[in-house]
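Trainee: Below: sequence and its predicted model.
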Amino acid sequence: MEKKPTIGKYAEVWLEAPASVAIQLDIINLSNVNFPRSLYAALGVCWRGKGSPDVSYARCGYDPAAYGGIVLDKLIKREDGTTVQQIIEAGGDALTLVKLKYGSLSAVEVQGTVDFIEEQAL
């Protein structure tokens, strides 16, 4: 699933949830303690293609709160018409994608585990 919100001069920003379950959980857990930062971090890890913030999650020590803060700062400092409201809205879309991706992965993993256990019981 993907979303295409508008941010600054970018008419359509392509968002896609990261494949890494660890990153998904980092962002989801952050949303429980620092919701605004989770939005910015989700936006950063989901943004694909043109205009993505020039910051690496890995270079932030896999710290989602620090990463989210840097994403926000970089987007605002570009002076390309990006507003905090656009970042928050796109971040909400991104966080939703992360939660949906995690939920779908969990269901598949649970079913795989159930299937494996049933086969062993035979």
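Mentor: Structure received.
Trainee: which residues of the protein fall in strands?
Mentor: In the chain, the strands defined using DSSP state E lie at 2-3, 14-16, 47-48.
Trainee: pLDDT weak spots in the chain?
Mentor: 1-3, 11, 104-122 (pLDDT under 70).
Trainee: if we go to 80?
Mentor: 1-6, 8-12, 104-122 (pLDDT under 80).
Trainee: Pull up the gap between the spatially most central residue of it and Asn34, please.
Mentor: Nearest residue to the geometric centre of the chain (C-alpha atoms, centre = their mean): Ala42, 2.7 Å. Computed as C-beta to C-beta, to the nearest Å, the Ala42 to Asn34 distance reads 12 Å. No exception for glycine: its C-beta is placed from N, CA and C like everyone else's.
Trainee: Can you check which residues contact both of these two?
Mentor: Here Ala42 and Asn34 have Gly68 as joint contacts, going by C-beta atoms under 8 Å, 6 or more residues apart in numbering.
Trainee: quick revisit: dump the strands of the chain into a markdown table; add mean neighbour count and distance to Gln24 as well.
Mentor: A markdown table is the format used below for the strands of the chain (neighbours: other C-beta atoms under 10 Å; distance: least, C-beta to C-beta, whole Å):
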| stretch | mean neighbour count | distance to Gln24 |
| --- | --- | --- |
| strand 2-3 | 14 | 15 |
| strand 14-16 | 19 | 12 |
| strand 47-48 | 18 | 15 |
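Trainee: and those strands as a markdown table, adding distance to Val71?
Mentor: Formatted as a markdown table, the strands of the chain follow (distance: least, C-beta to C-beta, whole Å):
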| stretch | distance to Val71 |
| --- | --- |
| strand 2-3 | 17 |
| strand 14-16 | 13 |
| strand 47-48 | 9 |
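Trainee: wait, which of those is closest to Leu72?
Mentor: Leu72 lies closest, by C-beta to C-beta, to one member of the strands of the chain: strand 47-48, at 12.7 Å.
Trainee: was I right about Cys15 contacting Asp93?
Mentor: Cys isn't right for residue 15; it's Leu. Yes. Using C-beta atoms under 8 Å, Leu15 is in contact with Asp93, at 5.9 Å.
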